[in-house]
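1. Here's my sequence, what's the structure:
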Amino acid sequence: MLKIKGMKKSFNIGTENETNIFQDFDLDINECETTVILGANGCGKSTLFNMVSGVLSCDTGEISLNEINLGKLKEHQRAAHIGRVHQNPSLGVSPSLTILENMSLADKKCTKFGFRKLVKKDRIQKYTDVLKTLDLGLENKLNTQVKFLSGGQRQSLSLLMATMKRPDLLLLDEHTAALDPKTSKVVMEKTMELVKKENITTLMISHNLRDAIKYSDRIIMLDKGKVILDTRSNLISETELIKIYNRQNLVDSDEEFEHAV
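-> Here you go, the predicted model:
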């Protein structure tokens with residue numbers, strides 16, 4: 001599935017601010033599983049996602065997806081294989097366009113099209129049926145501009161758009177972190193329903209240890225670009241995860257940790 005071999009990534013090379021994030025980093029992600037990536041800010045989580053998706057390139061090493069060398073593909077070419085939902089609810093959608101237009105954009109992902117022919121009438125029922133699965137009433141707001149939706153509605157729409165073409169890999173980049181706890185729970189549950197139904201291989205960054213255990217098959221914890229924990233989610237408790245965080249000085253106190261989760 002996703003294989004990372006010998007990956008190296010540094011920033012500000014040759015300066016006093018040089019930072020070496022990854023050094024000979026290896027990682028294999030299993031097909032049709034949800035793997036959570038944990039770790040403090042600066043441990044390499046976002047850098048990892050950006051290199052897999054093509055926002056950043058590796059200094060050395062190889063990233064392959066289903067035996068396709070992603071290093072030979074540009075970011076927009078990788079998008080044919082990879083879906084991504086960002087922390088900011090507005091990054092995965094076009095706020096000035098309607099729900100219908102956003103769904104049409106996702107449906108035409110990685111194909112050539114003109115905006116005059118963006119929406120095909122024979123696809124509207126399909127979009128309506130898909131939106132109904134969210135149980136948020138968005139199917140009744142097809143002509144509403146996305147900027148008028150709540151954060152949870154936008155993030156749910158972004159999730160549908162990211163998975164409409166059933167990507168080989170779905171990247172969830174702290175996609176519930178900007179939402180209130182109640183909305184976050186709803187979006188997380190909808191996410192997992194969709195992921196399990198479509199058997200989508202998923203990588204998810206999270207700071208919520210409870211969600212990490214509940215909604216994943218595997219947990220990986222990073223510290224300074226290295227894997228310090230790799231376990232099946234059903235084999236570890238939240239208390240054990242907290243101890244590992246503290247042991248690695250990833251948080252300074254219980255108060256900060258409670259804020260993080």
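
2. Count the residues that sit near residue 60.
-> Using other C-beta atoms under 10 Å as the criterion, residue 60 is surrounded by 12 other residues. Heads up, the C-betas are built off the backbone N, CA and C, glycines and all.

3. Name all residues that make contact with the nearest residue to it once chain neighbours are set aside.
-> In space, residue 60 comes closest to residue 8 once its chain neighbours are excluded; the distance is 4.5 Å by C-beta to C-beta, 6 or more residues apart in numbering. Each residue near residue 8 by C-beta atoms under 8 Å, 6 or more residues apart in numbering is listed here: 20, 22-25, 58-61.

4. Same question for residue 221.
-> Residues near residue 221 by C-beta under 8 Å, 6+ apart: 37-39, 227-230, 241, 244-245, 248.

5. Residue 157 and residue 138 touch, don't they?
-> Yes - with contacts defined as C-beta atoms under 8 Å, residue 157 counts as touching residue 138 at a distance of 6.5 Å.

6. Going by neighbour count, list what's buried in stretch 61-79.
-> For stretch 61-79, burial by neighbour count (16 or more other C-beta atoms under 10 Å) applies to 61, 63, 65, 70, 73, 78-79.

7. Next, show the common contact partners of residue 157 and residue 138.
-> Listed contacts common to residue 157 and residue 138 are 99, 131, 149; contacts here mean C-beta under 8 Å, 6+ apart.

8. give me every residue that touches the first one.
-> For residue 99, the contacting residues are 131, 138, 141-144, 146, 149, 157, by C-beta under 8 Å, 6+ apart.

9. Specify the local secondary structure of the nearest residue to it once chain neighbours are set aside.
-> Distance criterion C-beta to C-beta, 6+ apart; nearest residue to residue 99, sequence neighbours excluded, is residue 142 at 5.3 Å. Three states are possible here, and by DSSP: H, G, I helix; E, B strand; the rest coil the one that applies to residue 142 is coil.

10. Look up how far residue 11 lies from residue 142.
-> Here the criterion is C-beta to C-beta, to the nearest Å. By it, residue 142 lies 44 Å from residue 11.

11. what does residue 240 give?
-> Taking C-beta to C-beta as the measure, residue 240 falls 33 Å from residue 11.

12. ok, now residue 200?
-> For residue 200, the distance to residue 11 equals 31 Å [C-beta to C-beta].

13. partners of residue 64 in the sheet?
-> The residues paired with residue 64 through beta bridges, assigned by DSSP bridges, are residue 3, residue 69.

14. That one reaches residue 7, doesn't it?
-> No - contact between residue 64 and residue 7 fails when scored by C-beta under 8 Å: they sit 11.1 Å apart.

15. Pull up the overlap in contacts between these two.
-> Residues touching both residue 64 and residue 7 (C-beta under 8 Å, 6+ apart): there are none.

16. circling back to that earlier point, which ones among the contacts of residue 221 lie within strands?
-> Among the contacts of residue 221, the ones falling in strands (DSSP state E) are 37-38, 227-230.

17. SS state for residue 130?
-> The three-state label for residue 130, taken from three-state DSSP, comes out as helix.

18. Now do the contacts for the residue nearest to residue 167 when sequence neighbours are not counted.
-> Spatially, and ignoring its direct neighbours in sequence, residue 167 is nearest to residue 83 (3.8 Å; C-beta to C-beta, 6+ apart). Residues in contact with residue 83 (C-beta under 8 Å, 6+ apart) are 162-163, 165, 167, 169-171, 200.
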